[in-house]
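Engineer: could you look at this predicted model? Sequence included:
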Amino acid sequence: MHTLIFATNNQNKVNEIQSLVGSDFKIIPQKEAGIDIDIPEPHDTLQENAYEKAITIFNITNQNCFSEDTGLEINALNGEPGVKSARYAGEGRDFQANIDKVLINLDSLENRTAQFRTVICLLWKGTNGMETYYFEGICKGHISNEMHGEKGFGYDPIFIPEGASKSFAEMSIEEKNTFSHRQKAVTQLFEFLRSR
Ligand code: ITT
């Protein structure tokens with residue numbers, strides 16, 4: 001069985017990924033590993049921020065670990081909020097304020113297409129030292145005019161994935177996972193680990 005520390009403080013991410021894990025993996029969230037720190041995400045790309053989170057935890061634990069950084073990329077806003085998704089409306093990391101800012105910025109615009117993009121960084125103890133791998137998952141969709149649903153987190157109430165007629169916040173975790181960026185990236189991570 002592969003044991004991996006998941007470098008995150010976001011319990012929603014943990015819940016979504018736990019529901020995808022088979023019995024051949026054990027995922028230990030950072031907090032359960034006894035690490036109670038908030039790792040800064042200062043970089044301009046999802047990849048660099050994902051690496052920053054993973055390497056911080058790897059340096060503390062010296063154990064195999066992964067992290068993920070996710071952004072909502074809205075075409076009419078030139079890819080914003082993107083890497084700034086958590087703090088789009090300010091340092092408070094307020095989901096509602098972030099959603100309000102997106103809806104205001106899109107107010108008079110016709111093109112509401114968008115995508116969620118997740119980049120996973122895996123740090124793996126190989127025979128010749130630490131190895132670094134990246135996996136990416138994209139979910140295309142569009143931004144609704146209003147909020148719908150109470151489930152999920154972040155921008156879920158305003159994101160409708162392609163092929164669905166309801167928002168992520170109107171879906172169970174299992175249903176969101178049939179569409180989601182996170183599921184696509186995590187599936188690649190698990191396929192890679194099973195091949196090792
Ligand atoms: P960690 O860095 O501790 O993993 P975080 O919440 O800071 O957790 P990110 O920087 O990756 O995570 O995420 C940026 C923001 O993007 C996050 O706070 C949410 O507002 C939003 N987000 C990420 N994944 C999402 C999803 O599946 N559905 C809706 N919003 C999401």
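Structural biologist: Cool, the structure landed.
Engineer: distance from stretch 6-13 to the middle of the chain?
Structural biologist: 9 Å (C-alpha atoms, centre = their mean, to the nearest Å).
Engineer: nope, stretch 106-115 is what I was after
Structural biologist: 22 Å.
Engineer: which residues sit against that stretch?
Structural biologist: Residues outside stretch 106-115 that contact it (C-beta atoms under 8 Å, 6 or more residues apart in numbering): 72-77, 138-144, 159, 181. In short, each C-beta sits where N, CA and C put it, glycine included.
Engineer: that one close to the ligand?
Structural biologist: No. Stretch 106-115 is not in contact with the ligand by C-beta under 6 Å from any ligand atom; minimum separation 11.1 Å.
Engineer: if we can go back for a sec, the ligand next: which of the contacts of stretch 106-115 are close?
Structural biologist: Filtering the contacts of stretch 106-115 for proximity to the ligand by C-beta under 6 Å from any ligand atom leaves nothing.
Engineer: tell me which element the residue of the chain found nearest the ligand is part of?
Structural biologist: The ligand sits closest to G154 of the chain, with a gap of 2.3 Å, by C-beta to the nearest ligand atom. Using DSSP states H and E, G154 sits within no helix or strand.
Engineer: and the residue nearest to it when sequence neighbours are not counted, what does it touch?
Structural biologist: Distance criterion C-beta to C-beta, 6 or more residues apart in numbering; nearest residue to G154, sequence neighbours excluded, is F95 at 5.6 Å. For F95, the contact set (C-beta under 8 Å, 6+ apart) comprises F153, G154, Y155.
Engineer: ok, N15 next?
Structural biologist: So N15 contacts I173 (C-beta under 8 Å, 6+ apart).
Engineer: after the host helix or strand of it, next one along is what?
Structural biologist: Applying DSSP H and E as the criterion places N15 in helix 11-18. Toward the C-terminus, helix 11-18 is succeeded by strand 25-29 as the next helix or strand (DSSP H and E).
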